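Visitor: return a 3D structure for these sequence lines:
(one chain, ligands or ions: 2)
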Amino acid sequence: MPHPTDDSWTVLGLESSCDDTAAAVLRGTGGGAVILSNIVLGQTELHAAFGGVVPEIAARAHAEKLDLAVEAALESADVTLEQIDAIAVTAGPGLIGGVMAGVMLAKGLAAATGKPMIGVNHLAGHALTPRLTDGVGFPYLMLLVSGGHCQFLQVVGPEDFTRLGGTIDDAPGEAFDKVAKLLGLGQPGGPLVEAEARKGDAKRFSLPRPLLDRPGCDMSFSGLKTAVLRLRDTLVADQGGLHAQDRADICASFQAAMADVLAEKTRRALAQTQAPVLAVAGGVAANQVLRAALEQVAAAAGARFLAPPLKLCTDNAAMIAWAGLERLRMGARDDMSLAARPRWPLDQTASPMLGSGKKGAKA
Ligand code: KG4
Ligand code: ZN
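Guide: Ligands and ions are numbered 1, 2, ... in the order given. Reported below is the predicted structural model:
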């Protein structure tokens, strides 16, 4: 087993905090790491009929699939369990049944092999990913925007994060998904709303930009979603239905409001932190209009803009193995008392977030 300061740890990562069962193998090198394998077994079809992730179904699926994901990750990396130096596992925040399934498997593997184990905060996994993909140094600003998360983090060290603000209700991906549902589009809604928006006029409808009139970096998206609901109902009442162009214009107007809010709050976060780098993560970071808006804001602030490849932006276990490796290199270890935590704010000094979306606690 390598010395804690040794560079060449081979780490098995486990992720099961939401609706992706994931395992990955990473090998440290030159202060960074190479991804040897990255397996993600999604559960979308299991939850499709319910309009959101059902925690019990998710937990059961994780319990059934985690060991298969581990086998696949080891095989694809062409390493044996004996060649793994440490196990990193998401210990929260998230849907507790899934997190427990991961933590129990990690404990079992650690007990059976005698290898060290480390519990990782899922949000730290997202937040530290730009260091894995691009080798960025500390500090930098991270905007996490997905179906379950929405927050600005000043990333100062592997265990040192300052939360500058976040959503007080829905996450942006949740709002995209709900708007898609209101308009009869499929799920996940983000890419479908974006495609509709390309055919639409973003200026036709004036939708609210929630919390822009208040200082700071907190955001709110539930009112925007309700405004879309009202707009749809008004159009239906006036015209007896929605034309294809109405739908495209609603999507474009909604997306513009979303991009405006995120861009302005990002501008404030960059001004406040003077961060040299703005990095984004989460499924919503795939949105081209949002991405262009953020790139502009970063350029205006003189900051570099970084968006990791989508596969590493959305939930995966490579980011967990990486965050684990960063902490292992600092000498951190967990023992059998490691607990699964439904809520686990990265910044212990920040006031708790209020939202708790369809994909579990936002911490
Ligand atoms: O990070 P992710 O895969 O899962 C978690 O939420 O943890 O993010 C999924 C979310 C969904 O709500 C989806 O609608 C949204 O990201 N999304 C998008 C786009 N692609 C995915 N939202 C807006 N525009 C997109 N192109
Ligand atoms: Zn996530």
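Visitor: what residues does the stretch 51-200 of the chain have near ligand 1?
Guide: Residues of the stretch 51-200 of the chain that fall close to ligand 1, judged by C-beta under 6 Å from any ligand atom: 146-148, 173, 176-177, 188-191, 194. Where you see a C-beta, it was placed from the backbone N, CA and C, and this is true even at glycine.
Visitor: these: which two are farthest apart?
Guide: Greatest spacing in these, by C-beta to C-beta: Gly148 and Glu194 (18.8 Å).
Visitor: looking at these two, which is more packed in?
Guide: Neighbours per residue, other C-beta atoms under 10 Å: of Gly148 and Glu194, the larger number sits with Gly148, 29 against 20.
Visitor: check the secondary structure at that one for me.
Guide: coil (DSSP: H, G, I helix; E, B strand; the rest coil).
Visitor: my read: it touches Gly173, true?
Guide: Yes: with contact defined as C-beta atoms under 8 Å, Gly148 reaches Gly173; the gap is 7.3 Å.
Visitor: pick out the residue of the stretch 101-250 of the chain closest to ligand 1.
Guide: At 2.0 Å from ligand 1, Gly190 is the closest residue in the stretch 101-250 of the chain, using C-beta to the nearest ligand atom.
Visitor: wait, what's in contact with that residue?
Guide: By C-beta atoms under 8 Å, 6 or more residues apart in numbering, the contact list for Gly190 reads 173, 176-177, 180, 283-284, 286-287.
Visitor: restrict the one helix or strand it maps to to CA atoms and write it as PDB.
Guide: Gly190 is part of helix 189-198 when elements are defined by DSSP states H and E. Extracted in PDB, the C-alpha atoms of helix 189-198 (Å, rounded to 0.1, in the frame of the first residue of the first chain):
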ATOM      1  CA  GLY A 189     -36.900  18.100 -19.800                       C
ATOM      2  CA  GLY A 190     -33.700  20.200 -20.000                       C
ATOM      3  CA  PRO A 191     -32.500  19.100 -23.500                       C
ATOM      4  CA  LEU A 192     -36.100  19.100 -24.900                       C
ATOM      5  CA  VAL A 193     -36.800  22.600 -23.600                       C
ATOM      6  CA  GLU A 194     -33.500  23.700 -25.000                       C
ATOM      7  CA  ALA A 195     -34.400  22.200 -28.400                       C
ATOM      8  CA  GLU A 196     -37.800  23.900 -28.400                       C
ATOM      9  CA  ALA A 197     -36.300  27.200 -27.400                       C
ATOM     10  CA  ARG A 198     -34.100  27.200 -30.500                       C
END
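Visitor: which of the residues in that helix are buried?
Guide: 189-190, 192-194, 196-197 (16 or more other C-beta atoms under 10 Å).
Visitor: redo those as a markdown table? Include distance to Arg343.
Guide: Formatted as a markdown table, these follow (distance: C-beta to C-beta, whole Å):
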| residue | distance to Arg343 |
| --- | --- |
| Gly189 | 26 |
| Gly190 | 25 |
| Leu192 | 31 |
| Val193 | 29 |
| Glu194 | 31 |
| Glu196 | 35 |
| Ala197 | 34 |
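Visitor: dump those into JSON lines; add pLDDT as well.
Guide: As requested, these are exported to JSON lines (pLDDT from 0 to 100):
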{"residue": "Gly189", "pLDDT": "92"}
{"residue": "Gly190", "pLDDT": "95"}
{"residue": "Leu192", "pLDDT": "96"}
{"residue": "Val193", "pLDDT": "98"}
{"residue": "Glu194", "pLDDT": "97"}
{"residue": "Glu196", "pLDDT": "98"}
{"residue": "Ala197", "pLDDT": "98"}
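Visitor: what about the contacts of Gly190, which are in helices?
Guide: Judged by DSSP state H, helices contain the following of the contacts of Gly190: 173, 176-177, 180.
Visitor: how is the chain divided into domains?
Guide: Taking automatic domain parsing as the domain assignment, the ranges for the chain are 10-135+312-357, 140-310.
Visitor: need the max-distance pair from the contacts of Gly190.
Guide: Across those (C-beta to C-beta), the longest gap, 14.5 Å, separates Ala180 and Ala286.
Visitor: which of those two has more residues huddled nearby?
Guide: Shown here are Ala180 and Ala286; by other C-beta under 10 Å, Ala180 has more neighbours (22 against 19).
Visitor: so what pLDDT did that one get?
Guide: Looking at Ala180, its pLDDT stands at 95.
Visitor: can you give the contact residues for stretch 225-235?
Guide: Contacts for stretch 225-235 (C-beta under 8 Å, 6+ apart): 170, 175, 178-179, 182-183, 205, 207-208, 242, 246, 250, 254.
Visitor: do that again at 6 Å, thanks
Guide: Residues outside stretch 225-235 that contact it (C-beta atoms under 6 Å, 6 or more residues apart in numbering): 175, 178-179, 182, 205, 207-208, 242, 246, 254.
Visitor: what do you get for stretch 319-335?
Guide: 4, 9, 11, 13, 15, 24, 26, 28, 33, 86, 88, 90, 116-120, 124-125, 128-129, 132, 158.
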